[in-house]
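Peer 1: Sharing a model that was predicted from the sequence below.
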Amino acid sequence: MLNVTIVCVGKLKEKYWRDACEEYAKRLRSFCNFSIVEVEEEKIADQPSKAQIDHTIHKEGTRILSKIPKGSKVIAMCIEGKRFSSEKLSQQMDDFALCGYSSVAFVIGGSWGLSETVKSESDVRLSMSEMTFPHQLARVMLCEQIYRAFQISSGGKYHK
């Protein structure tokens, strides 16, 4: 069974975001070993300088890299990444499994984004859209798309 991990910055503060992620996690148990690993969000001033932002991104990136399971294929969620259809994401995950990989890690950065180090160490850079989403919503959307990918792969009725 494929191990799928989302490594992300910060905790979900609102109950409705947590409930949504928990629902998809519950559904995903039929298809994979699914987990969400949260790393600490770096504290930063309300009006940060570019240097403070860069420092924050670097620190969060270091934490992210330390939590990615060894041997994982890594998919970094970033706006400049490729855009996949749900079918393409499903195929990509199937391809990883067919190539012998037992672990896929998706990475979501904090509100300031992902470090270049994390992006350069990823196997795929994936964008949900050219639009910007709060990273809490991005986590819920990613959980849903992972679930949809497994439904597509298994011929389930969820994806129409």
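Peer 2: Everything's here; your move. Numbering: from 1, shown residues only.
Peer 1: contacts and neighbour counts: CA atoms only from here.
Peer 2: Will do.
Peer 1: Need the residues that contact the lengthiest helix in the chain.
Peer 2: Counting residues, the longest helix found in the chain (DSSP state H) is helix 135-154. Contacting residues not belonging to helix 135-154 are listed as 8, 12, 17, 20-21, 24-25, 27-28, 31, 86-87, 89-91, 93-94, 108-111, 157-159 [C-alpha atoms under 8 Å, 6 or more residues apart in numbering].
Peer 1: Three-state assignment for residue 22, please.
Peer 2: Three-state call for residue 22 (DSSP: H, G, I helix; E, B strand; the rest coil): helix.
Peer 1: Any of the contacts of helix 135-154 buried? List them.
Peer 2: Listed as buried from the contacts of helix 135-154 are 8, 12, 17, 20-21, 24-25, 28, 86-87, 89-91, 93-94, 108-110; burial here means 16 or more other C-alpha atoms under 10 Å.
Peer 1: which ones among those are found in strands?
Peer 2: The strands, defined by DSSP state E, take in 8, 108 from the buried ones among the contacts of helix 135-154.
Peer 1: Which strands or helices does the longest strand seen in the chain pack on?
Peer 2: Criterion DSSP E: the longest strand present in the chain is strand 73-83. Secondary-structure packing of strand 73-83 (3 or more C-alpha pairs under 8 Å, 6 or more residues apart in numbering; DSSP states H and E): strand 103-108, strand 124-127.
Peer 1: If we use 10 Å, what do you get?
Peer 2: Other helices and strands packing on strand 73-83, by 3 or more C-alpha pairs under 10 Å, 6 or more residues apart in numbering; DSSP states H and E, are strand 3-9, helix 86-98, strand 103-108, helix 116-120, strand 124-127, helix 135-154.
Peer 1: Endpoints of stretch 120-134, how far apart?
Peer 2: Start-to-end span of stretch 120-134 (C-alpha to C-alpha, to the nearest Å) is 23 Å.
Peer 1: Could you tell me how far that stretch lies from the centre of the chain?
Peer 2: Distance, stretch centre to chain centre, for stretch 120-134: 9 Å (C-alpha atoms, centre = their mean, to the nearest Å).
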